[in-house]
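# Attaching a predicted model along with its sequence, questions to come.
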Amino acid sequence: MRAECTEVQVRPGVEADLDALTALYNHYVRETAITFDTAIFTPEERGPWLLSHPEDGPYRLMVATEPDTQEILGYSTSSPFRMKPAYATSVETSVYVAPGAGRRGVGTLLYTALFEALSGEDLHRAYAGIALPNEASVRLHERFGFRHVGTYGEVGRKFGRYRDVAWYEKELP
């Protein structure tokens with residue numbers, strides 16, 4: 001991990017973060033195939049998503065900020081894996097790092113904080129879907145103990161091209 005990481009602060013996300021988090025996510029919607037959303041969101045549309053990630057419980061939102069400016073550098077989440085009751089001990093995780101904040105270890109800090117926050121919850125597995133190609137995300141997930149369990153071929157279409165999604169799984173303590 002790089003030394004500059006120690007200056008980044010990670011905390012639970014709060015309602016005051018909504019505009020910045022929406023703008024960050026919309027960058028990925030507009031510019032990348034990382035997410036399969038294809039239309040940008042307003043903060044009002046994104047509000048229920050933020051509120052579905054309280055400061056406790058299995059569904060968390062962790063935010064990385066610059067200590068001086070409080071500029072949001074990225075966020076990580078744990079969300080329901082599937083809505084059926086038998087899946088309640090599984091979560092889907094994700095990390096989004098702001099443009100220009102990559103290669104600083106922000107994703108590593110966010111996942112470290114997320115998994116520490118989840119350690120006391122009644123959870124058994126974490127899953128992550130990675131739209132391919134995305135070597136940085138594959139490396140991050142493998143560093144955190146995720147293992148590749150399969151790939152959905154051409155499961156989504158964005159920017160006129162079909163995309164594969166690799167699925168990764170991690171046992172939670």
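Yep, it's here.
# Could you give the separation of the host helix or strand of residue 47 from the chain centroid?
According to DSSP states H and E, residue 47 maps onto helix 43-51. Distance, stretch centre to chain centre, for helix 43-51: 16 Å (CA atoms, centre = their mean, to the nearest Å).
# partner strands of the helix or strand following it, parallel or antiparallel?
Per DSSP H and E, helix 43-51 leads on to strand 61-65 as the next helix or strand towards the C-terminus. Paired strands of strand 61-65, with direction, are strand 9-12 (antiparallel), strand 72-80 (antiparallel) (DSSP bridges).
# quick one, helices of this structure?
Along the chain, the stretches classed as helices by DSSP state H are 18-31, 43-51, 106-118, 135-143.
# okay, the ones you listed in CSV with mean neighbour count and mean pLDDT next?
Any C-beta I mention is one placed from the backbone N, CA and C, and that applies to glycine too. Formatted as CSV, the helices of the chain follow (neighbours: other CB atoms under 10 Å; pLDDT from 0 to 100):
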stretch, mean neighbour count, mean pLDDT
helix 18-31, 17, 97
helix 43-51, 13, 96
helix 106-118, 21, 97
helix 135-143, 16, 96
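# Other residues contacting the helix holding residue 47?
Here helix 43-51 makes contact (CB atoms under 8 Å, 6 or more residues apart in numbering) with 13, 15, 17-19, 21-22, 25, 61.
# So which bits of stretch 53-70 are buried?
53, 58-65 (16 or more other CB atoms under 10 Å).
# so which of these would you say is closest to residue 80?
Taking CB to CB as the measure, residue 80 lies nearest residue 59 of the buried residues of stretch 53-70, at 6.7 Å.
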